[in-house]
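Participant: what's the 3D shape of this:
(2 chains)
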Amino acid sequence: MDRIRILLSRCAALFGKQKLDEDLDEELRTHIEFAMDEKLKHGMSQQEARTAALLKFGGVTQTRERYRVQRGLPFAETLMRDVRYAVRQLWKSPGFAATAILTLVLGIGANTAIFSVVEGVLLAPLPYHQPDRLVMVLESRPSLKQMGISYPDFQDWQHGSRSFERMAALTSRSYDLTGPGTSAHLDGMEVTSGFFAMLGVKLVRGHELSPSEDRPHEAHTVVISNRLWRDRFASNPEALGRTIILDGADFTIIGILPPKFRLWSDIDVYTSLGQDEPLLYHDRTIHSIVCIARMKPEVSMAQAQGELDAVQANLDRLYPAADRNLGINIEPLKQSIVGDVGGTLLLLLGAVGIVLLIACTNVANLSLARAAARAREFAIRSALGASRVRMVRQLLTESVLLALTGGLLGLMVAILGVRLVLAKFPDLVPRSENIHLNIPVLLFAFGISLTIGILFGLAPALDGSSVDVQGSLKAGERGSTRAHPRAQSILAMIQMASTLVLLVGAGLLLRTILQLWNVNPGFNRQHVIMFEVGLSPSLSATASSTRTAYRQLLDRIREVPGVRAADFTNIVPLSERDNGGPFWVGAQQSTPMQDAPHALYFETGPEYLKVMQIPLLRGRFFTPADNSDSEPVVVIDSILAHTYFPHKDPVGQLITVAHWRTARVVGVVGHVRHWGLGDAGTYNPSQIYISFYQLSDEWVPAFARDLSVAVRTPLDVAAIMPAIENVVYGADKDQPIYSVQTMQQIASDSMTSQRLPAILLGTFAFLALLLASVGIYGTISYSVAQRGQEIGIRMALGAKRRDVLRMVMGQGLRIAVAGLAIGTAAALLLARLLSSFSQLLYGVRANDPLTFVAVSLVLMTAALVACCVPARRAASIDPMRALRTE
Amino acid sequence: MGNDKSDVLQGTLDLMVLKTLEAMGPLHGYGIARRIEQVSGNALSLNQGTIYPALLRLEQRGWVKSAWGTSESNRRAKFYSLSPRGRRQIEEETENWERIAATMSRFLAPSN
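Facilitator: Numbering: from 1, shown residues only, chains lettered A, B, ... in the order given. Purely as a prediction, here's the structure:
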């Protein structure tokens, strides 16, 4: 208590020092006057009284000094003096200060930016109640670790397990909103009751779905997002209880979510999962939903897994046809939301750390040069009695001041940069809404700034302060005999090596992207536009009217001038949309469902092949004659043909499709790289095409919802879409057109996992190249400045300009070559260590010689250019003047 | 600190100041110094200046308050007075001192 009081009073005394000093002076003066009064009374003379009083007082100056020490914080006062002095010193050499600060801004800014992303995405807990208790529960089968679950299984888990406080099932489902307001396509989610309570999310108004709404129900209800509430109802509280029209049906709004709620992506409407589509939700073999659950506090993930394993084993026994060999896969919800971006982010954090290292090395290099140049200043201060500690502290103050200034500016650059990038690419990383300036980010920026300031200030500080006073003062006017050529060269070498590592990384990713871009995906991605249409509810009341509506819609689109071909597909290649399912060769389901081979199903129209220009290898594709009255037919891809019909012609053979029927193979088409341009063909490589017009009636609504229209046209989007919109809206105005994208865009988006690190690594490598060039330039020019006299003598003795040029360039080259060698070794080693990096590569090995040679050339050129300027300066030294200045 | 026998130990000066203020009421620095000299019978050669850092220390601890006022000779002077906390502290400090003194005298007593 006393200590705090004393500290506070001492801190307070740091301010208003002048007033306090005046007070003290007055008090001491009065003291002497009182003493003199007394002496005068005893008959002393004025002079005698004064002398006696002062003698008795015992040293006014010492008293004042001791008083001040007691009053303030001597440490803080010295620090403030140091800071003031440091600011003056830096102000006097603005070139040095600006270069150092700019370098640090780049280094610290880039690091803070990446750290804020890592913090927001990987480190920060999910913004729900006790998020570490939340898990994602999925099913697995022998050949697939994670797959969707079936609704009946989910219900059995709910009844059979005791490890969870709550379990909820969900699946995404898009809706077309046709009122109130203009029609629009909305991303929606079907959830079971208690979903929001399980997450611990409190609705801002109303309540969520109740258990009674998990069953088929006449009155539909919906929980809407805060955004929809704001956009459609101007955040009016009376929106509660109002009706919105989704896919032609009335839904009553019963709840409104808080503004920031988000799981994987932005969702506008949450409807009841159990309410409709009995087909999807009462068939144990359809795995189209996922489950999120909250474990009880005392239950571990292993316990929960064990219990569900037991429940599932029981289901295996009860429903062998559907559940045989199905397993349970539990993972933390956060892992499921963050996905596999973690490795990439950590890779980037490492890369940006290298940039920081290079930046710091530059500053250390600059400081070394400056320390040498200031040797005389320190010699004088030392001669005047400044202690070594005092001078080290002064130098440290300067470097910490530089680092903190750089850190503060870097922090601002980072915040602005991240905000700009995320505003432009909101889906670059998951959980991007969670990335912002917070305490950990501030601490990180402050921490690295301080560490840099101390670490990289300490070396030059210790070095600069151990001054040989006599030597330095004797060395004449420029007083700078203490160069550090060796230390500086080593630092420049490290920079070159680190830069090479970054350049190699960026180069490999760039090559990967080029390779991917040149991959033939199995179709012609040029001149294809994809879009989705919400078919008007009035036209899609029954399966047969839906089929007719689509046929008429496509006929109208085909008539638009510029359209060469048009048809639809339920899944768009490279879009990551999955539609896998089991099949059997022959007319029977010859094995249990889990053991059957899986294929990816495309439900398309007859002209799809022509639109995509997928090669037809055998037989035929669909014709308009393939309809619900004719024999069911399928078209298979080349991989399925090779794998399952190795020695015979597949055309004419039978294939049995799960949930559908046995169909005759009428054609074989080329394989399409569905899972990305770099698709290695490990997941679900077989592909089966089914004509949408042959789908059973009960499947039509489910598939019709997700159909994309593919149009082949030489015109661009802006030129053709208005005409297409005209004919679509001409048929019915309640048909929103959305997700308009060219196939080129979809292909480009499929490379996101490479593009983000490629762009960032490229940026970092460029920064590093810039910094390292400045570094080698600084080292060489400093050395030229130091060796001015020597060069002068050499030239006086007959050395040619060319010789000087060669000598200086040689020095730079030696540094660059050594750096290249170290960097190459490091890059080879790192590429092997970082598996998350190698996984990003496609069509190029981590030790790709072309990349190594190319980036070495780039680095070498940069180093040569950087050395050129000081070399030319050295060559143009006038020997007479150089000799005279000494 | 020198080895002059009349040098004042730091803690003792604090207690002397507190006791002086307790006995005399509000007093300026010179008055306190003179009073200490008088009470000690001039056996103590106090450097009067040392009183000021001591007063500041006591004030920082909250045992003493200060305020500018006017002396009987009509000079502006800073007057120090005991705070309630300081008054309580005297007791504790006195006990401390007595304990030290008793211990010391036991050491110094002629051994028999």
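
Participant: Need the contact partners of stretch A:33-45.
Facilitator: Residues from elsewhere that reach stretch A:33-45, judged by Cβ atoms under 8 Å, 6 or more residues apart in numbering or on different chains: A:46, A:48-50, A:52-53, A:56-57, B:28, B:30-31, B:34, B:48, B:71, B:73, B:75, B:77. No exception for glycine: its C-beta is placed from N, CA and C like everyone else's.

Participant: repeat that for 6 Å
Facilitator: A:49-50, A:52-53, B:30 (Cβ atoms under 6 Å, 6 or more residues apart in numbering or on different chains).

Participant: what's the closest of those residues to residue A:439?
Facilitator: residue B:30 (53.8 Å; Cβ to Cβ).

Participant: Enumerate the residues of chain A near chain B.
Facilitator: With Cβ under 6 Å from any Cβ of the partner chain as the criterion, chain A meets chain B at residues A:2, A:5-6, A:9, A:27, A:30-31, A:34, A:56-58, A:63, A:66-67, A:70-71.

Participant: Tell me the most packed of the residues you listed, by neighbour count.
Facilitator: residue A:31 (26 neighbours; other Cβ atoms under 10 Å in any protein chain shown).

Participant: for the helix or strand in which that one is found, the distance to its chain's centre please.
Facilitator: The secondary structure element spanning residue A:31 is helix A:17-41 (assigned by DSSP states H and E). Its chain's C-alpha centre and that of helix A:17-41 lie 68 Å apart, by Cα atoms, centre = their mean, to the nearest Å.

Participant: Only the buried residues of it, if you could.
Facilitator: Buried residues in helix A:17-41, defined by neighbour count with 16 or more other Cβ atoms under 10 Å in any protein chain shown: A:20, A:24, A:27-28, A:30-36, A:39.

Participant: now do stretch B:63-80
Facilitator: B:63-66, B:71, B:77-80.

Participant: what residues does stretch A:208-228 touch?
Facilitator: So stretch A:208-228 is contacted by A:192-193, A:196, A:249, A:251-257, A:259, A:268-272, A:274-275 (Cβ under 6 Å, 6+ apart).

Participant: Please save the CA atoms from it in CSV.
Facilitator: C-alpha atoms of stretch A:208-228 as CSV (Å, rounded to 0.1, in the frame of the first residue of the first chain):
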residue,chain,number,x,y,z
GLU,A,208,-36.1,-20.8,-32.6
LEU,A,209,-37.8,-23.9,-34.0
SER,A,210,-39.4,-26.1,-31.4
PRO,A,211,-39.4,-29.9,-31.3
SER,A,212,-42.9,-30.0,-32.6
GLU,A,213,-41.7,-28.4,-35.8
ASP,A,214,-39.2,-31.3,-36.5
ARG,A,215,-42.2,-33.2,-38.0
PRO,A,216,-44.0,-32.7,-41.3
HIS,A,217,-46.1,-29.6,-40.6
GLU,A,218,-48.6,-27.5,-42.4
ALA,A,219,-47.5,-24.1,-41.2
HIS,A,220,-43.9,-23.4,-42.2
THR,A,221,-41.7,-21.3,-39.9
VAL,A,222,-38.4,-19.6,-40.4
VAL,A,223,-35.6,-17.9,-38.4
ILE,A,224,-34.0,-15.1,-40.5
SER,A,225,-30.6,-13.5,-40.4
ASN,A,226,-30.1,-10.0,-39.1
ARG,A,227,-29.1,-8.9,-42.6
LEU,A,228,-32.4,-10.1,-44.2
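
Participant: Report the buried residues of stretch A:39-56.
Facilitator: A:39, A:44, A:49-50, A:52-54, A:56.

Participant: Let's see which of these end up in strands.
Facilitator: Judged by DSSP state E, strands contain none of the buried residues of stretch A:39-56.

Participant: wait, which of those is closest to residue A:245?
Facilitator: Once Cβ to Cβ is applied, the member of those that ends up nearest residue A:245 is residue A:54, at 98.6 Å.

Participant: The closest one - nearest residue in space that isn't next to it in sequence?
Facilitator: Nearest residue to residue A:54, sequence neighbours excluded (Cβ to Cβ, 6 or more residues apart in numbering or on different chains): residue A:32, at 6.7 Å.

Participant: still on that earlier bit, can you flag which of the residues of chain A next to chain B belong to helices?
Facilitator: A:2, A:5-6, A:9, A:27, A:30-31, A:34, A:56-57, A:63, A:66-67, A:70-71 (DSSP state H).

Participant: Provide the secondary structure category for residue A:201.
Facilitator: Here residue A:201 is coil, with the state taken from DSSP: H, G, I helix; E, B strand; the rest coil.

Participant: excluding its backbone neighbours, what's nearest it?
Facilitator: Distances taken as Cβ to Cβ, 6+ apart place residue A:261 nearest to residue A:201, at 5.7 Å, with adjacent residues excluded.

Participant: Could you pull out the buried residues of stretch A:325-342?
Facilitator: A:326-330, A:332-334, A:336-338, A:341.

Participant: Hmm, I typed the wrong one, I wanted stretch A:100-109.
Facilitator: Within stretch A:100-109, the residues scored as buried using 16+ other Cβ under 10 Å are A:100-109.

Participant: Same question for stretch A:82-100.
Facilitator: A:82, A:86, A:89-90, A:96-97, A:99-100.

Participant: Mind naming the longest helix for chain A?
Facilitator: helix A:388-424.

Participant: What segments of chain B are helices?
Facilitator: Taking DSSP H as the test, the helices found in chain B are B:10-24, B:29-39, B:51-61, B:84-108.

Participant: Return the distance of the first one from the chain's centre.
Facilitator: Meaning helix B:10-24. Counting by Cα atoms, centre = their mean, helix B:10-24 comes out at 3 Å from the chain centroid.

Participant: what pLDDT, on average, does that helix get?
Facilitator: Regarding helix B:10-24, the rounded mean pLDDT is 84.

Participant: With the third one instead?
Facilitator: Rounded to a whole number, the mean pLDDT of helix B:51-61 is 86.

Participant: The last one too?
Facilitator: Per-residue pLDDT values across helix B:84-108 average out to 86.

Participant: lowest confidence element among the helices and strands of chain A?
Facilitator: Lowest on mean pLDDT, DSSP states H and E among the helices and strands of chain A sits helix A:469-474, with a mean of 56.

Participant: moving C-terminal of that one, what's the next helix or strand?
Facilitator: With secondary structure assigned by DSSP H and E, helix A:469-474 is succeeded by helix A:485-518.

Participant: Could you pull out the buried residues of that next one?
Facilitator: For helix A:485-518, by 16+ other Cβ under 10 Å, it's A:487-513, A:515-516.

Participant: Show me the shaky parts of chain A.
Facilitator: Counting by pLDDT under 70, chain A contains low-confidence ranges at A:1-2, A:14, A:74, A:277-279, A:459-485, A:835, A:885-886.

Participant: Closest to residue A:536 out of the buried residues of stretch A:39-56?
Facilitator: Distance to residue A:536, by Cβ to Cβ, is smallest for residue A:54 among these, at 105.7 Å.

Participant: who does the closest residue to residue A:607 other than its chain neighbours bridge with?
Facilitator: Spatially, and ignoring its direct neighbours in sequence, residue A:607 is nearest to residue A:567 (3.8 Å; Cβ to Cβ, 6+ apart). Beta-bridge partners of residue A:567, counted by DSSP bridges, are residue A:710.
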